[in-house]
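# sequence? don't have it. structure:
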């Protein structure tokens, strides 16, 4: 009896403190809320904030990446929340939800009686609105001031939002343990299905977790979760939300978890999309122009910081769907091909594939064993392009300016200008040769002589539409005719540039992203498809012929296979530190780069032509 009396004393004390807290709220209301000083300073009641995750979708509309920071959530509008979910939460958390204005005195009384009966504080009397107020704006710290603020905020929430909106916020905000927030994310994590596919038993099971996510964590305390599930089902029955038949069926149903971890597939492509999304935001929201006009490194750094913040807002707070051109089957094939052909652990590779029909990027290989947040060889690595730059910087400008045909004779003999005396592969010497021979055999002396004839400045004008990021004024010299740049180009840049040969001499940038929509499907951002005429259709036809001859009888013969059209150009740098091949079929442009991760020579692998083998296997599968 003494134990029961002591227990009742503490529970009644709890109730009295709660009432005093409510009474104290009135005083706080008079002192601080009437002039709205505390309120306006601390709470933006018009902006209910919660992190919303983003999704990356492939060309088929399937999710291949879920982007989130700390809260894994899939926001569910009220109209899509099953009625059993609403009834389950109301029956166990706040039975008078639709009657009260944020604070339920009768609910406090019911909680008091239940607690006295069970000789413990099993119910605390907080309404759903109070819980939402705490989750949105306050900490879980238990003190007098926090409770008063919770009551005030709950009241204001009720005056600002409808009951349906409050329920929507609450059901999407609450924590379901294991990094999961909101009922939809919980349903997919624990059962591998959407909320509208859950059974009544599964709904009650999930509803049990938020009351105390640690105690009712299904992964560690399944029995505890089951006990609370049964309590919820009983409450639903007593409140006439379910029939006795539904109750009996749900109470005996086995709960089989099907844990579905976050989706993180195709890291090579995903990383490329992150980078492209940042560029898209920079262009659409003015950061790109700001960066171009930045007068100091400090100013540029500040703008970069603001851009990063804005990108994070879209990805991790507002939530977007990024619709991409990813072809999962092609991506998998490309990655596996690189791994199989390149067995040496120090050899790295990058592959970029661009579809001709719509100028999209369906696959990217960022490295032989690429992991997220590591160096992406497709766009972050700049290497000397060697002879792979010649079609863009030398032969197209020369043919465009002179109208020369592939059969025209040119001088490929020794050439020197000042101290610059280029050598040919294997120190070979040539006399007069056709343009076709100079191109397909990749004769350096001929290429330098042609660029000298066109003029360095005029030749470089043809590179401007491609916007090679690291190609600058210091590169405007004859050495660039054979790929001798200060920094070089990325595989992504060079592959994009080569698509000009598939478009009658017109360049159109290629993208991985189709469009970006909000979570309701409204289009937010799309790339502007700007086209630039780089050289004439006649010049382009001649270059396509030369590229084709390079594959059939020149330096890229190992890449040949029977196709409606096939052409390309190899590139080899000094000491054979880099091997390039960018080639075209009727359907796609594919760029392949291979090199040592430490920048050492890979001469011992050159004879095996790994870059051509990789290209051929991927092109044949396209």
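That came in fine, so what should we check first? This structure is a prediction, so every number in the text was calculated from the model and none was measured.

# for residue 404, which non-adjacent residue is closest in space?
Of all residues not flanking residue 404 in the chain, residue 435 sits nearest, at 6.1 Å (CB to CB, 6 or more residues apart in numbering). For the C-beta atoms, the positions are set from N, CA and C on the backbone; glycine is no exception.

# right, and the one you found touches residue 403 too?
No - the pair residue 435 / residue 403 is not scored as a contact, 11.7 Å apart, by CB atoms under 8 Å.

# residue 516 falls within a helix, correct?
No - according to DSSP: H, G, I helix; E, B strand; the rest coil, the state of residue 516 is strand, so it is not within a helix.

# so what's the residue count around residue 377?
26 (other CB atoms under 10 Å).

# mind checking the SS state of it?
coil.

# check residue 112 and give its pLDDT.
pLDDT, residue 112: 57.

# switch to numbering from 376
Taking 376 as the first residue, the last one we looked at is residue 487.

# okay, helices next: where are they in the stretch 626-775 of the chain?
In the stretch 626-775 of the chain, the segments counted as helices under DSSP state H, counting those that start in this stretch are 642-659, 662-668, 672-687, 703-716, 765, 771-777.

# nearest to residue 437, out of these?
helix 703-716 (7.5 Å; CB to CB).

# what is the neighbour count of residue 890?
Residue 890: 15 neighbours (other CB under 10 Å).

# that should have said residue 799, apologies.
18.

# residue 813 versus that one, what's the distance?
10 Å (CB to CB, to the nearest Å).

# do residue 449 as well
For residue 449, the distance to residue 813 - CB to CB - is 59 Å.

# which one of the two has more residues nearby?
residue 813 (27 against 24).

# name the nearest residue to the more buried one, sequence neighbours excluded.
According to CB to CB, 6+ apart, the nearest residue to residue 813 is residue 821 (3.7 Å).

# and the contacts of the helix or strand where the one you found lies?
Using DSSP states H and E, residue 821 maps to helix 819-829. The contact list for helix 819-829, computed with CB atoms under 8 Å, 6 or more residues apart in numbering, reads 762, 765, 768-770, 772-773, 776, 785-790, 792, 797-800, 805, 808, 813, 834, 853, 855-857.

# same question for stretch 609-625.
For stretch 609-625, using CB under 8 Å, 6+ apart, the contacting residues are 459, 462, 463, 465, 466, 467, 470, 574, 575, 576, 579, 608.

# need the residue closest to the centroid of this protein.
residue 649 (4.4 Å; CA atoms, centre = their mean).

# quick one: it from residue 477, how far?
From residue 649 to residue 477 the distance is 42 Å (CB to CB).

# identify the residues contacting residue 782.
Residue 782 touches 809, 810, 811, counting by CB under 8 Å, 6+ apart.

# before we move on, what about residue 557?
448, 449, 450, 451, 546, 547, 548, 549, 551.

# all helices of the stretch 476-625 of the chain, in order?
480-493, 503-512, 519-535, 538-548, 558-566, 575-583, 597-613, 619-626.

# where among those helices is average confidence lowest?
In terms of mean pLDDT, the lowest-scoring of these is helix 480-493 (a mean of 60).

# burial of residue 635, as a residue count?
14.

# report pLDDT for it.
So, for residue 635, pLDDT stands at 92.

# now swap in the one 5 residues further on and tell me
The per-residue pLDDT reported for residue 640 equals 95.

# how about residue 514?
64.

# swap in residue 518?
Looking at residue 518, the pLDDT reads 56.

# can you give me the strands for the stretch 726-875 of the chain?
738-740, 784-786, 807-809 (DSSP state E, counting those that start in this stretch).

# coming back round to it: now distance to residue 964 too, for the helices of the stretch 626-775 of the chain, in TSV please.
Output for these, formatted as TSV (distance: least, CB to CB, whole Å):
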stretch	distance to residue 964
helix 642-659	16
helix 662-668	25
helix 672-687	28
helix 703-716	14
helix 765	16
helix 771-777	15
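
# most neighbours per residue, which of those?
Stretch with highest mean neighbour count among those: helix 765 (a mean of 28; mean count of other CB atoms under 10 Å).

# pLDDT of it, averaged?
98.

# quick check: residue 563 vs residue 626, distance?
Counting by CB to CB - residue 563 and residue 626 are separated by 25 Å.

# no, scratch that, I was asking about residue 433
Distance from residue 433 to residue 626, by CB to CB: 42 Å.

# what does residue 872 give?
Residue 872 is 67 Å from residue 626, by CB to CB.

# with neighbour numbers in mind, choose between the two.
Neighbour comparison, residue 872 and residue 626: the larger count goes to residue 872, with 28 against 15 (by other CB under 10 Å).

# what residues does that one make contact with?
Per CB under 8 Å, 6+ apart, neighbours of residue 872: 767, 841, 843, 882.

# what's the pLDDT at it?
98.

# now swap in residue 461 and tell me
97.

# so who does it touch?
By CB under 8 Å, 6+ apart, the contact list for residue 461 reads 542, 546.

# report how many residues lie close to the residue nearest to residue 779.
Counted with other CB under 10 Å, residue 810 comes out at 23.

# return the distance of it relative to residue 765.
11 Å.

# same deal with residue 625?
72 Å.

# include distance to residue 694 and pLDDT when you put the contacts of residue 782 into a markdown table, please.
Listed next are those as a markdown table, based on distance: CB to CB, whole Å; pLDDT from 0 to 100:
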| residue | distance to residue 694 | pLDDT |
| --- | --- | --- |
| 809 | 59 | 98 |
| 810 | 55 | 98 |
| 811 | 55 | 98 |
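
# rewinding a little: compare the helices of the stretch 626-775 of the chain and give me the one nearest residue 502.
Going by CB to CB, the one of the helices of the stretch 626-775 of the chain nearest residue 502 is helix 672-687, 33.6 Å.

# tell me what angle the closest one forms with helix 642-659.
110 degrees (axes from the mean of the first three to the mean of the last three CA atoms, to 10 degrees).

# tell me the pLDDT at residue 395?
46.

# end-to-end on stretch 502-522?
Taking CA to CA, to the nearest Å, stretch 502-522 runs 12 Å from one end to the other.

# tell me the domain ranges of the chain?
377-429+449-626, 722-781+822-887+904-996 (automatic domain parsing).

# quick one, which of the ones you listed gets closest to residue 655.
domain 722-781+822-887+904-996 (8.3 Å).

# how distant is that closest one from the center of its chain?
27 Å (CA atoms, centre = their mean, to the nearest Å).

# touching stretch 433-443 from outside, list them.
426, 428-432, 447, 637-641, 644-645, 648, 690-691, 698-703, 737, 889.

# could you rerun that using 7 Å?
426, 428-432, 637-641, 645, 690-691, 699-703, 737 (CB atoms under 7 Å, 6 or more residues apart in numbering).

# nearest to residue 658 among the contacts of residue 557?
residue 450 (27.3 Å).

# identify the residue spatially nearest to residue 845, adjacent ones excluded.
That would be residue 862: by CB to CB, 6+ apart, it lies 3.8 Å from residue 845.

# out of the helices of the stretch 626-775 of the chain, nearest to residue 503?
helix 672-687 (30.5 Å).

# who does the closest one touch, helix- and strand-wise?
helix 642-659, helix 662-668 (3 or more CB pairs under 7 Å, 6 or more residues apart in numbering; DSSP states H and E).

# would a markdown table of the ones you listed with distance to residue 732 be doable?
Below are the helices and strands packed on helix 672-687 laid out as a markdown table (distance: least, CB to CB, whole Å):
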| stretch | distance to residue 732 |
| --- | --- |
| helix 642-659 | 19 |
| helix 662-668 | 28 |
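
# closest to residue 963 out of these?
Here helix 642-659 is closest among the helices and strands packed on helix 672-687 (CB to CB), at 15.6 Å.

# now what about that closest one, what contacts it?
Contacts of helix 642-659 (CB under 7 Å, 6+ apart): 431, 440, 662-663, 682, 685-686, 689, 697, 699, 701, 706, 710, 738-741, 745-747, 751, 753-754, 886-888, 891, 900, 902.
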